[in-house]
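Novice: Need coordinates for the below:
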Amino acid sequence: MTEETQQKLRQDLRRIVIFFKWLVCSILSGAVIGSVGTLFFYCMDIATKLREGDPWVIWFLPLAGILIVGIYKVFHNEKDSGTNLVLAAIHSGENLPLQMAPSIFISTVITHLFGGSAGREGAALQLGGSLGAGLGKLFRFDEKDQKIMIMCGMSAAFSALFGTPMAAAIFPMEVVSVGVMYYVALVPCVISSLVAHGIASYFHVAPELFPLKDLPPFSIPNALRVTVLALACAGVSILFCVLLHTVTHLYRKWLKNPYLRVFVGGCLVLGLTFLVQSRDYNGAGMQVIANAVNKGQAMPAAFLLKMIFTALTLGAGYKGGEIVPSFFVGATFGCVLGGLLGLSPTLCAAVGMSAVFCGVTNCPVTSLLISFELFGYGGMPFFLLSIALSYMMSGYFGLYATQRIPYSKFRIEYINRKTH
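Specialist: Numbering: from 1, shown residues only. Here you go, the predicted model:
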């Protein structure tokens, strides 16, 4: 046997060993984090039902905020930056503490129970990333393999909670560095996502699906209408990002004490709730999204109010995610603008949902996959066009300050910049 043949055999053996290594680890990650994600889903569901059944609990939102800050202090997570820390742990090796998992789990449930305006998938990314990092340390992986375990955990938690395994597998690889995918994590993330989805399905976690019916043809007039909608959604996504970052900055500038900051934020959300005389903007708002996509019904100002409620909630220090609020904003905005453009409001709600999500996350592949999983493949050309336009025209804005954009969106040029 020649030296070259021996080298090839060693390489093949090494690939087999690596495959089985990640097969075992990703199955374990999917099982463990999928189970935790399933528990998180049911805790969130119970919290939402309790709030909707007893609306008076919203009066305790300011006090709940103080409790959340106290929880983070107990777990020594006072400087926790949420999803930004998870992304930083992947691309720059920042330490991702295991205590982030119980902190974000408990605090997000409290936020939703008492009427804070936030999502859940962003919290799932933090939960899964923290647990994934913990598993990586348990296995004594080196820094590079620990980053893959973090992405595995993110995929598992997102898949279990939202029921979109395709998008969940790709999102962690795409969101860290826009335009540069970490394909080395593809197999682990896919397996972890599918295992977690299987566990969630076994425990009857029903995904939020919105199959579209009676779709209009993809004609030139309709393509032009969707183009207008996509450009408007890009503008809305920029506004959402700017509002979130600006409100967070103002809170921290004028209210240095985190306990006072979260108390004041809770009072503002509470006051605004009674000012608009609606509870639609507390919690995740999935029913509003369902009405927009399924029935073509949405209030004209709903998208703007949701942005304000979410910025006041998350900027003050309450916990949760930004992803479902972006769905809410996109669905309600698309529904209203679709009616004005003379195009199906239900289709435009779905298109708006995907386009705004793409604009705030800078993840066009994930956005396209999640649109297929949520709405079916019938509207493919509408989603494809709107997501591409929103990705380009949303510029370098984004929800996550630690997200990197290595290459320009407008020309083949290396820029290596952060979002703003």
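
Novice: So which elements touch the single longest helix found in the chain?
Specialist: Counting by DSSP state H, the longest helix found in the chain is helix 3-53. For helix 3-53, the elements it packs on are helix 100-113, helix 121-138, helix 143-162, helix 186-202, judged by 3 or more C-beta pairs under 8 Å, 6 or more residues apart in numbering; DSSP states H and E. Every residue, glycine included, has its C-beta placed from N, CA and C.

Novice: Just confirm residue 158 contacts residue 171, I think it does.
Specialist: Yes. Between residue 158 and residue 171 there is a contact under C-beta atoms under 8 Å: 6.3 Å.

Novice: out of the two, which sits in the busier spot?
Specialist: More neighbours surround residue 158 than the other of residue 158 and residue 171, with 33 against 29 (other C-beta atoms under 10 Å).

Novice: ok, so what distance separates the more buried one from residue 192?
Specialist: For residue 158, the distance to residue 192 equals 10 Å [C-beta to C-beta, to the nearest Å].

Novice: Residue 390 too?
Specialist: With distances taken as C-beta to C-beta, residue 390 is found 28 Å from residue 192.

Novice: List the buried residues in stretch 377-384.
Specialist: By neighbour count on 16 or more other C-beta atoms under 10 Å, the buried set for stretch 377-384 is 379, 382, 383, 384.

Novice: Need those in a markdown table (columns: secondary structure and pLDDT).
Specialist: Output for the buried residues of stretch 377-384, formatted as a markdown table (DSSP: H, G, I helix; E, B strand; the rest coil; pLDDT from 0 to 100):
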| residue | secondary structure | pLDDT |
| --- | --- | --- |
| 379 | coil | 95 |
| 382 | helix | 98 |
| 383 | helix | 98 |
| 384 | helix | 98 |
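
Novice: okay, among the residues you listed, which ones form the most distant pair?
Specialist: 379 and 384 (9.2 Å; C-beta to C-beta).

Novice: Tell me which of the helices and strands packed on helix 3-53 is the most buried.
Specialist: helix 143-162 (a mean of 29; mean count of other C-beta atoms under 10 Å).

Novice: helices or strands next to that helix in the packing?
Specialist: helix 3-53, helix 83-91, helix 121-138, helix 165-175, helix 186-202.

Novice: rerun at 10 Å
Specialist: With contacts defined as 3 or more C-beta pairs under 10 Å, 6 or more residues apart in numbering; DSSP states H and E, the packing partners of helix 143-162 are helix 3-53, helix 83-91, helix 121-138, helix 165-175, helix 186-202, helix 323-341, helix 364-375.

Novice: okay if I get those as CSV plus mean pLDDT and distance to residue 209?
Specialist: Output for those, formatted as CSV (pLDDT from 0 to 100; distance: least, C-beta to C-beta, whole Å):
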stretch, mean pLDDT, distance to residue 209
helix 3-53, 91, 15
helix 83-91, 81, 25
helix 121-138, 91, 15
helix 165-175, 95, 13
helix 186-202, 97, 13
helix 323-341, 96, 13
helix 364-375, 96, 6
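
Novice: May I see those arranged in JSON lines, with distance to residue 402 as well?
Specialist: Output for the helices and strands packed on helix 143-162, formatted as JSON lines (distance: least, C-beta to C-beta, whole Å):
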{"stretch": "helix 3-53", "distance to residue 402": "22"}
{"stretch": "helix 83-91", "distance to residue 402": "4"}
{"stretch": "helix 121-138", "distance to residue 402": "12"}
{"stretch": "helix 165-175", "distance to residue 402": "10"}
{"stretch": "helix 186-202", "distance to residue 402": "19"}
{"stretch": "helix 323-341", "distance to residue 402": "16"}
{"stretch": "helix 364-375", "distance to residue 402": "17"}
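
Novice: Relative to residue 356, which of these is closest?
Specialist: The nearest among these, by C-beta to C-beta, is helix 323-341 at 3.1 Å.

Novice: buried residues in stretch 334-353?
Specialist: So, applying 16+ other C-beta under 10 Å, buried residues of stretch 334-353: 334-339, 341, 343-353.

Novice: mind checking the end-to-end distance for it?
Specialist: 7 Å (C-alpha to C-alpha, to the nearest Å).

Novice: Identify the residues contacting the nearest residue to residue 314 once chain neighbours are set aside.
Specialist: Closest residue to residue 314 apart from its sequence neighbours, by C-beta to C-beta, 6 or more residues apart in numbering: residue 118 at 6.0 Å. By C-beta atoms under 10 Å, 6 or more residues apart in numbering, the contact set of residue 118 is 107-108, 111-112, 282-285, 309-310, 313-314, 318-325.

Novice: can you give me the helices in the stretch 251-400 of the chain?
Specialist: 258-276, 286-290, 302-316, 323-341, 345-361, 364-375, 380-393 (DSSP state H, counting those that start in this stretch).

Novice: Could you list every helix and strand that the first one packs against?
Specialist: Read it as helix 258-276. Using 3+ C-beta pairs under 10 Å, 6+ apart as the test, helix 258-276 ends up in contact with helix 61-74, helix 220-254, helix 302-316.

Novice: In JSON lines, list these along with mean neighbour count.
Specialist: Converted to JSON lines, the helices and strands packed on helix 258-276 look like this (neighbours: other C-beta atoms under 10 Å):
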{"stretch": "helix 61-74", "mean neighbour count": "19"}
{"stretch": "helix 220-254", "mean neighbour count": "19"}
{"stretch": "helix 302-316", "mean neighbour count": "25"}
